[in-house]
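Asks: kindly return the folded structure for what I paste below:
(2 chains)
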Amino acid sequence: MRTDYKFWYIKRDDDGFITEAAVRFYEGDVTTELEKDTSLNLVPITRFRRSKRLGSSDVPHINVGFIKDARGKDAAVYTSESFGRIKTDEELRTFLNREISKDTKRVAINEQKI
Amino acid sequence: MASLTVYPDPDPETTSVDGVIYTRGAGGESWATVRSTADGDTATDNGATGVFVGSDITSGPLYGLFRGFTLFDTSALPDGATITDVTISLYVNTTYNTDNDGNDWVNVFQASTVNNTSIVIQDFDTASQTLDSPVELSTRRDISSGITTGAYNDWVLNADGITTISKTGITKFGWREGHDVINETPAQLVDETEGFNLNFAESAGTTTDPRLVVTYSEGAPKVIFF
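Replies: Take a look at the predicted model:
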């Protein structure tokens, strides 16, 4: 089983420092399924597909607060207390790649491996 | 100024979505009929990459249209925020530009999809508030000269666009190609497509997802008396 994260939102202050990031975690697998290509023909595409959005109880290795979105689904909220004084998305990804590597049940997708 | 950067949900969606609807006329159907149809033929909201916006013709002629959708959960904006700038960025993989006639451009509009977490064929005519002369929320980007492949391309919203940003829920955008917007039948020069292919939020990683950046000041604007 593989895992990845996606951003819901990233807040920055007046100086461009990231103050808060809401992150969603998923599990899934690399599978081959028929999808439409640019000519709208169905062709087999092999890629990571998410099967489940992970809630707070699914990711005990994530030690930050969670908020619920409008549909009651969990999103982890990271602040500068966790990631320090950073400005760029790339710095945030570097931090989150370390977070996701703590998952003992799932392997991070290649794009998010440390 | 503070900023909020927001991304659509990948599949399985919970509060927002991105995707595309395609429709193609049957043999003998006019451009006008295809363009004004209420429902599309195919709606896709779980693909990682694909044609997002465009018009095409194949021999017949058979006319086709792609209309794209990007929804953003902007509820994290403070209620008292005064929004000053908004930019939507799309990561374009490939452009299609057979007929470089000056009407081959893409712009963004206010959409009104049926749902917040799926794109359905009934959304085809909701990509903009009106079919003809819809309010354009940004500056048109010419497909041949104004789009860079392998990179993010920015649409900076105008005053009309800024007013569409929701501070309490989902902000919805639709995307249409120039011939579709101004109702000009594309010239058939062999099989022709005008538009582009992009990475959806479904794609792996976080470096190419559609992106919305809202710049704002918190609280009421200051009033200075002289």
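Asks: where's residue B:74 relative to residue B:161, distance?
Replies: To residue B:161, residue B:74 is 13 Å away according to Cβ to Cβ, to the nearest Å. Any C-beta I mention is one placed from the backbone N, CA and C, and that applies to glycine too.
Asks: repeat for residue B:46
Replies: Residue B:46 is 27 Å from residue B:161, by Cβ to Cβ.
Asks: check whether stretch B:151-170 comes near chain A.
Replies: Yes: counting by Cβ under 8 Å from any Cβ of the partner chain, chain A is contacted by stretch B:151-170 at residue B:169.
Asks: check the average confidence over that stretch, would you?
Replies: When pLDDT is averaged over stretch B:151-170, the result is 97.
Asks: please apply the same query to stretch A:26-40.
Replies: Averaging pLDDT along stretch A:26-40 yields 87.
Asks: what do you get for stretch B:2-14?
Replies: 94.
Asks: and the helix of greatest length in chain A, what does it pack against?
Replies: Counting by DSSP state H, the longest helix found in chain A is helix A:89-100. Applying 3 or more Cβ pairs under 8 Å, 6 or more residues apart in numbering or on different chains; DSSP states H and E, we find helix A:89-100 packed against strand A:2-12, strand A:18-36, helix A:80-83.
Asks: okay, angle between it and strand A:2-12 too, please.
Replies: Helix A:89-100 runs at 140 degrees relative to strand A:2-12, counting by axes from the mean of the first three to the mean of the last three Cα atoms, to 10 degrees.
Asks: so how far is helix A:89-100 from its chain's centroid?
Replies: From the chain centre to the centre of helix A:89-100 is a distance of 9 Å (Cα atoms, centre = their mean, to the nearest Å).
Asks: okay, now the residue in chain A that chain B sits nearest to: neighbour count?
Replies: Closest residue of chain A to chain B, Cβ to the nearest Cβ: residue A:111 (3.7 Å). Each residue near residue A:111 was counted by other Cβ atoms under 10 Å in any protein chain shown, and the total is 14.
Asks: tell me the SS of it?
Replies: Here residue A:111 is helix, with the state taken from DSSP: H, G, I helix; E, B strand; the rest coil.
Asks: tell me where the model's unsure across the chain.
Replies: In the absence of a named chain, this looks at chain A. For chain A, the stretches flagged by pLDDT under 70 are A:38.
Asks: sorry, should have said chain B
Replies: Residues of chain B that meet the cut-off, pLDDT under 70, sit at B:188-191, B:219-226.
Asks: okay, the top strand by length along chain B in CSV with CA atoms only?
Replies: Among the elements of chain B assigned as strand by DSSP state E, the one spanning the most residues is strand B:82-97. Extracted as CSV, the C-alpha positions of strand B:82-97 are listed here (Å, rounded to 0.1, in the frame of the first residue of the first chain):
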residue,chain,number,x,y,z
THR,B,82,-10.1,42.4,2.0
ILE,B,83,-9.0,40.7,-1.1
THR,B,84,-6.6,42.6,-3.3
ASP,B,85,-5.2,40.1,-5.8
VAL,B,86,-6.1,36.7,-7.1
THR,B,87,-4.1,34.5,-9.4
ILE,B,88,-5.1,31.1,-10.9
SER,B,89,-2.2,29.0,-12.2
LEU,B,90,-2.5,26.0,-14.5
TYR,B,91,0.4,23.7,-15.3
VAL,B,92,0.2,23.2,-19.1
ASN,B,93,1.7,20.1,-20.6
THR,B,94,0.9,20.5,-24.3
THR,B,95,-0.8,23.1,-26.5
TYR,B,96,-2.9,22.4,-29.6
ASN,B,97,-3.0,25.2,-32.1
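Asks: helices and strands around that strand, which ones?
Replies: Strand B:82-97 packs on strand B:49-58, strand B:151-156, helix B:159-162, strand B:192-199, strand B:211-217, going by 3+ Cβ pairs under 8 Å, 6+ apart.
Asks: thank you, goodbye.
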